[in-house]
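Enquirer: build me a model from this:
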Amino acid sequence: MLDGLKMKNIRVAFILDFSDGWFGGINYYKNLLKIIIENKELNIIPMLIVPSDFDDSILENFSGIRILKTEVLKKWSLFWLINKILFKIFHKGYCIEALLKKSKIQIVSHTGVNLYLSKIVQVPWIPDFQHKHLPYMFSKKELKNRDKNFYEMSKSGKFVILSSNDAKKDFEAYFPQFINKVKVLQFVVPFENVEYDRKLLRKKYDINGNFFFIPNQFWKHKNHRVVIEALALLRELNIKVLCSGNTKDYRNRSYFYELMEYVKKEGLEENFIVLGVIPYTDVQALMLECKALINPSLFEGWSTMAEDAKSIGKRIILSDLDVHKEQSPLGAIYFNRYDSKELAAAMEEVWFEDDSININLMDSAKESLIKRKRDEALVYRTILEDCLEIHELER
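Expert: Residues are numbered from 1 along each chain as shown. Below is the predicted model of the structure:
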């Protein structure tokens, strides 16, 4: 346990192997690894393992982290096929385990599948149980695969990392036999030192005056439609909402186009403005520039946007999810996620607020961010230590 003495090094690997445009996942790993690196005295030595054909532009987000590209994770490569066959026959991850042992890795953290490791600790991460709350947004195959995968990971992992106590309640409902394995790691967004030219930024995105900002992907559960409905109710105020994020929802391919048809039908093209995927530095700058953030989501595991608001001290309007209330950003306003009138009232209230509210929030955020980052790093170090301790006892 943490006792003030010099801590032993813990070599931990993170496997990134996803290509479905899940920018939230990329940012999660980037933020966690940044906090690990900042707290060097905790002696957590991270390594990133990715397929040999992994997008180099994504890897640019992980400066200062050792990165290993491997054919074992590259789909349809010889080593990938061998690993797959060994999985099927022996239920052992011989190839990936050999790779990890060669790199002297002790723990594989935040695994998304059961790696079938025998000598190296694996700690799965379940971001959320969205498929249980919103099953109509998933195919039958996806529902079945998620249930199976979550069960196998929970059974095989030394611990299971969850991002919120809200998710822990779900876990206990669906996997009560594994509840003692749960570790809650509430992540922090280390949002700081963002420099930008305000005039150039506003010129680049053709911005005049105040605006709300929604940096969410256009997945159906993100619930952009309720914002458009609220804008229609506030038509006379000419309020503007800027949105950034991936416009493709692999589960609902026509969703974005239907959404934009609705915008056109309501004549709100000048009020609901879609920027698409933009540089993350611009996303951060727009967060600082906006009147307030809005997250109308129907479901979250732990909202990155709410954490952004906490880290920079920005007013935010949040849907009334239990997890949003658990995150509890200073100055947050909550609304019924199905009620556009309630959202419209919150938007109108904030639109006419004095800017001094955000200035006060910024001062409070600066004071708390250092402690919040440190607390996350300490909790994570404790999780890793507990894993190794149990592993040694079981050997």
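
Enquirer: rest of the way, CA atoms for contacts and neighbours
Expert: Noted.

Enquirer: I'd guess Ile294 is in a strand, am I close?
Expert: Yes: counting by DSSP: H, G, I helix; E, B strand; the rest coil, Ile294 falls inside a strand.

Enquirer: right, and it touches Lys222 too?
Expert: No: counting by C-alpha atoms under 8 Å, Ile294 does not reach Lys222; the two are 10.7 Å apart.

Enquirer: neighbour count: the two, which is higher?
Expert: Using other C-alpha atoms under 10 Å as the criterion, Ile294 and Lys222 rank with Ile294 on top: 28 against 17.

Enquirer: dig out what that one forms beta bridges with.
Expert: Note on Ile294: beta-bridge partners by DSSP bridges are Ile317.

Enquirer: tell me the spacing between it and His133.
Expert: As judged by C-alpha to C-alpha, to the nearest Å, Ile294 and His133 stand 22 Å apart.

Enquirer: below-threshold pLDDT in the protein: ranges please.
Expert: Scanning the chain for pLDDT under 70 picks out the ranges 1-6, 18-23.

Enquirer: so which elements touch the strand ranked longest in it?
Expert: Counting residues, the longest strand in the chain under DSSP state E turns out to be strand 44-51. In terms of contacts (3 or more C-alpha pairs under 8 Å, 6 or more residues apart in numbering; DSSP states H and E), strand 44-51 is packed against strand 10-15, helix 23-38, strand 66-70.

Enquirer: do that again at 6 Å, thanks
Expert: Judged by 3 or more C-alpha pairs under 6 Å, 6 or more residues apart in numbering; DSSP states H and E, strand 44-51 is in contact with strand 10-15, strand 66-70.

Enquirer: so of these, which one's packed in deepest?
Expert: strand 10-15 (a mean of 20; mean count of other C-alpha atoms under 10 Å).

Enquirer: what residues does it touch?
Expert: Residues from elsewhere that reach strand 10-15, judged by C-alpha atoms under 6 Å, 6 or more residues apart in numbering: 44-50, 105-109.

Enquirer: and the angle for it with strand 66-70?
Expert: Per axes from the mean of the first three to the mean of the last three C-alpha atoms, to 10 degrees, the angle that strand 10-15 makes with strand 66-70 is 50 degrees.

Enquirer: I'd like the distance from strand 10-15 to the chain centre, please.
Expert: Counting by C-alpha atoms, centre = their mean, to the nearest Å, strand 10-15 is centred 19 Å from the centre of its parent chain.

Enquirer: now stretch 51-58
Expert: 19 Å.

Enquirer: stretch 302-312 too?
Expert: 10 Å.

Enquirer: redo the helices and strands packed on strand 44-51 as JSON lines? Include distance to Lys40.
Expert: Formatted as JSON lines, those follow (distance: least, C-alpha to C-alpha, whole Å):
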{"stretch": "strand 10-15", "distance to Lys40": "12"}
{"stretch": "strand 66-70", "distance to Lys40": "15"}
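
Enquirer: nearest to Thr304, of the ones you listed?
Expert: Distance to Thr304, taken as C-alpha to C-alpha, is lowest for strand 10-15 among the helices and strands packed on strand 44-51, at 19.6 Å.

Enquirer: which other residues reach stretch 228-239?
Expert: So stretch 228-239 is in contact with 340, 344, going by C-alpha under 6 Å, 6+ apart.

Enquirer: could you tell me the end-to-end distance of it?
Expert: With C-alpha to C-alpha as the measure, stretch 228-239 spans 11 Å from end to end.

Enquirer: who are the contact partners of Tyr257?
Expert: Tyr257 makes no contacts at all, as judged by C-alpha under 6 Å, 6+ apart.

Enquirer: the helix or strand in which it is found: what's the following helix or strand?
Expert: Using DSSP states H and E, Tyr257 maps to helix 255-265. Sequence order places strand 272-276 as the next helix or strand after helix 255-265, per DSSP H and E.

Enquirer: relative to helix 23-38, how tilted is the helix or strand just after that next one?
Expert: Under the assignment DSSP H and E, the closest C-terminal helix or strand after strand 272-276 is helix 280-289. Inter-element angle recorded for helix 280-289 and helix 23-38: 90 degrees (by the same axes, to 10 degrees).

Enquirer: buried set for helix 280-289?
Expert: 282-289 (16 or more other C-alpha atoms under 10 Å).

Enquirer: burial of Leu162, as a residue count?
Expert: 24.

Enquirer: just Ser63 next, same as before
Expert: Ser63: 11 neighbours (other C-alpha under 10 Å).

Enquirer: list the contacts for Met47?
Expert: 13, 66-67.

Enquirer: what's opposite it in the beta bridge?
Expert: Assigned bridge partners for Met47, using DSSP bridges, are Ala13, Arg66.

Enquirer: do the same with Val108
Expert: With DSSP bridges as the criterion, Val108 is bridged to Ala13, Gln122.

Enquirer: now do the helix holding Tyr257: distance to the chain's middle.
Expert: Helix 255-265 sits 26 Å away from the centroid of its parent chain (C-alpha atoms, centre = their mean).

Enquirer: repeat that for stretch 338-352.
Expert: Mean-position distance between stretch 338-352 and its chain equals 26 Å (C-alpha atoms, centre = their mean).

Enquirer: now Ile85: how far from Ser328?
Expert: Counting by C-alpha to C-alpha, the gap from Ile85 to Ser328 is 47 Å.

Enquirer: the more surrounded of those two?
Expert: Just comparing Ile85 and Ser328: by other C-alpha under 10 Å the higher neighbour count belongs to Ser328, 17 against 14.
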